[in-house]
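Visitor: Just to be clear, the model below is a prediction. Sequence and coordinates:
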Amino acid sequence: MRAVSTSTGDAPTRGRVLVVDDQRNMRATTAMLLRAEGYTVHEAGGGEEALATLASQPVDVLLTDLKMEPMDGLTLLRKGLETVSQLQVIVMTAYGSIETAVEAMRLGAYDYVTKPFKDGELVHRVQKAFERSKLVSAVNLFAGEFNSRHGLSALVGRSPAMHELTNRIIRVAQSDATVLVQGESGTGKELVARAVHAQSRRNKQPFVPVNCAAISETLLESELFGHARGAFTGAVKARRGLFEEADGGTLFIDEVTETSPAFQSKLLRVLQDGEVRRVGENSAIKVDVRTVAATNRDIEQEVAEKRFRQDLFYRLNVVTLRVPPLRERLEDVPLLAEHFLERANARSIRKKRLSQSAVDHLMTYSFPGNVRELENLVEQAAALAEADELLPEDFPLRPKRLADSNGTTRVPTTTPQPSLAQVVDEAERRAIQSAVERHPEDLAMVAEELGISSTTLWRKMRRLGIRTPASS
C-alpha cells in the first residue's frame, strides 16, 4: 500500500513528521494532534510503508510504535537511519517495555515516549527532536556550502563575527595582498590561512605552513630559505627552503612574533625583493609566493616594546584578519560541538549524540582554549562516556582562575562549595529514592507522584545513578 501524504501542499511551518502505527485510530489521533501544532504529517500503517515514504518524501522526525508486524519498530529504526542518516526518531512504547525503548535509543533513537502519553508531552518531544534535526542539518549545510565555495569545511560558525570574517576572507583572497591573521591560541588561524589560499587564484599550487615557535632560531633560516651543500655541519647536500617549496602558492608563517630581530630583517628583505638567498650561497632565487603570517600576541605592543621590527609589521599587516575567540561567539558552540562529534563518530563503532542539556552546559563556559579546547572536550566525551547520549557530566570544564595582585592567575584554594546544580541534584536524588521506596514495582506511580513524565523519570534515574530494588 502506498503511503499517503496528508500535507496541504503549503510549506511546513514547524517541520515534517512521519507517524507509524499499525493501530489506525492511534495513528490518526496522533497525526491530528501534530497537524494542529503546525507540522506537516505523513502516516504509515507499517514498516515497509514507512520506508517507502522516507525514500520519497523529506521527513525530519519519525514517530513510530515499537510493537508492529511484520516489521517491528526496532527494525524500522535501523533501516530508517540507513535511509536518512540525520533522521530523528522517537519510539512509542507501552509501560513495561522500557528495556526495549532503551535498546532503541542505543540503536540511534533520539527519544521515547510511553503510552498512554499526554498531548503536551508528545508535542514537546517532537519539537525537541525537530530542533535537533535543524541543528544537524545546519552543520551539514554550512560545511557543504563552505567546502564548495571556499574549499574548507572545518571553518564552522554562523555567528555575526564568523559571518564577517568569512566575507573578509572571500574579499582578500581575490588579491595577492600579504595577510596578517591575529587571534588567540586555538581559534583556528591556520584554518583561516587555508581558506584564503583555497579561495585564491593560487589554490592549485602548494599551501606550505611553518610554525616559527616549533623550530630553533638556528634552523629556521635554513628551513625557510634553504641551504647550500656544506653550509654548516650536517648540511651534506643542498636543500630547497619552504619559500621555494611554496613557489606559485601560499606560505603560512605561524607565530611570526616568536622570531628574533635579526631573522626578521632577513624575512623583510625576502618579502620586499621577492627572492631568497640560500644559506651559504651568493646568488638569489626568484620566488612568487603569497605570504600569510599569524600571531597570538598583541603585535603592535611587540613593536612598541622593540621586540618586533616596525617595518616588517607594516609589510605583513597589509590586510588584517582577526579570528574571534570562542567566548565572543558562543552561539556557534552547538554547531561546532555537533561538527566535532560527527567526526568522532566517523572514527568509532559506537555512535554518540549530544543532549540538549550538554549543549546548554557547554554554552555557559568561556573556553580559554577556544575551538581547540571544545574539540578536545567533545572527543574526550565521545571516547569515555558510557551512555550513547552525552550529558553535562561528560564534559568536565576547567575551573575559573583568579588574578592576584601581580596579574598572574591562580586556581582558587578555598574549600569548594557545592554548586546550585549539585544541590538540586542531591534534592532530586532524595525525592526520587523516597518515591521509589514507596512504589518499588510501579515507576509510573513514581512519576505521577513526582509530577514528571516517565521519560523524564528514567533520564533522571540514569543520570543520578538510582536503581530500582528489582534491578539492584
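Guide: Thanks, I have the structure now. Numbering: from 1, shown residues only.
Visitor: residue ranges with poor pLDDT in the stretch 351-472 of the chain?
Guide: 399-424, 468-472 (pLDDT under 70).
Visitor: how much space between residue 398 and residue 263?
Guide: Using Cβ to Cβ, to the nearest Å, residue 398 is found at 35 Å from residue 263. The way it works is simple: take the backbone N, C-alpha and C, and place the C-beta from them, glycine included.
Visitor: Counting neighbours around each, name which of the two comes out higher.
Guide: A direct count of neighbours by other Cβ atoms under 10 Å for residue 398 and residue 263 places residue 263 higher, at 18 against 13.
Visitor: I'd say the more buried one and residue 220 touch.
Guide: Yes: Residue 263 lies in contact with residue 220 (Cβ atoms under 8 Å); the separation is 6.2 Å.
Visitor: Quick check: phi and psi at residue 250.
Guide: Reported as degrees, to the nearest 10, the phi and psi values for residue 250 are phi -130, psi 130.
Visitor: Same check on the one 10 residues further on?
Guide: Dihedral angles of residue 260 (phi, psi; degrees, to the nearest 10) stand at phi -80, psi 160.
Visitor: Give me the nearest residue to it, chain neighbours excluded.
Guide: Among residues not flanking residue 260 along the chain, residue 217 sits closest, at 5.7 Å (Cβ to Cβ, 6 or more residues apart in numbering).
Visitor: looking at it, residue 252 is touching residue 191, isn't it?
Guide: No: assessed by Cβ under 8 Å, residue 252 is found out of contact with residue 191, at 10.5 Å.
Visitor: Look at these two and report which has more neighbours.
Guide: residue 252 (27 against 17).
Visitor: quick one, strands of the stretch 51-200 of the chain?
Guide: In the stretch 51-200 of the chain, the segments counted as strands under DSSP state E, counting those that start in this stretch are 61-65, 88-94, 111-115, 179-182.
Visitor: Could you check the pLDDT of the closest residue in space to residue 55 that isn't next to it in sequence?
Guide: Nearest residue to residue 55, sequence neighbours excluded (Cβ to Cβ, 6+ apart): residue 83, at 6.1 Å. For residue 83, the model assigns a pLDDT of 82.
Visitor: how about residue 83, what does it touch?
Guide: Applying Cβ atoms under 8 Å, 6 or more residues apart in numbering, we find residue 83 in contact with 51, 54-55.
Visitor: Adding distance to residue 430 and mean pLDDT, write the strands of the stretch 51-200 of the chain out as TSV.
Guide: Formatted as TSV, these follow (distance: least, Cβ to Cβ, whole Å; pLDDT from 0 to 100):
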stretch	distance to residue 430	mean pLDDT
strand 61-65	35	94
strand 88-94	29	88
strand 111-115	24	85
strand 179-182	52	96
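Visitor: Pull the distance from stretch 61-71 to the chain's centre.
Guide: 31 Å (Cα atoms, centre = their mean, to the nearest Å).
Visitor: One more: stretch 433-440?
Guide: Using Cα atoms, centre = their mean, the offset of stretch 433-440 from its chain centre is 40 Å.
Visitor: Next: stretch 289-301.
Guide: With Cα atoms, centre = their mean as the basis, stretch 289-301 stands 27 Å off its chain's centre.
Visitor: Pull out the buried positions in that stretch.
Guide: 289-296, 299 (16 or more other Cβ atoms under 10 Å).
Visitor: Can you tell me what sits against that stretch?
Guide: With Cβ under 8 Å, 6+ apart, stretch 289-301 has contacts from 176, 178-185, 189-190, 193, 196-197, 200, 202, 243, 246-257, 271, 274, 308, 313, 316-317.
Visitor: rewinding a little: if I look at the residue nearest to residue 260, how far off is residue 105?
Guide: Relative to residue 105, residue 217 is positioned 56 Å away (Cβ to Cβ).
Visitor: Comparing the two, which residue is more hemmed in?
Guide: residue 105 (19 against 12).
Visitor: Might one say that that one is in contact with residue 113?
Guide: No: in this structure, residue 105 is not within contact of residue 113 by Cβ under 8 Å, at 11.8 Å.
Visitor: how close does residue 264 get to residue 352?
Guide: According to Cβ to Cβ, residue 264 stands 47 Å off from residue 352.
Visitor: Quick check: the gap between residue 198 and residue 182.
Guide: 20 Å.
Visitor: ok, now residue 278?
Guide: For residue 278, the distance to residue 182 (Cβ to Cβ) stands at 31 Å.
Visitor: Over to residue 78?
Guide: Distance from residue 78 to residue 182, counting by Cβ to Cβ: 49 Å.
Visitor: Equivalent analysis for residue 42, please.
Guide: To residue 182, residue 42 is 51 Å away according to Cβ to Cβ.
Visitor: For the two, indicate the residue with more neighbours.
Guide: residue 42 (25 against 20).
Visitor: which residues touch stretch 253-261?
Guide: Under the contact criterion Cβ under 8 Å, 6+ apart, stretch 253-261 has outside partners 189-190, 209-213, 217, 220, 224, 267, 291-297, 299, 302, 307-309, 316.
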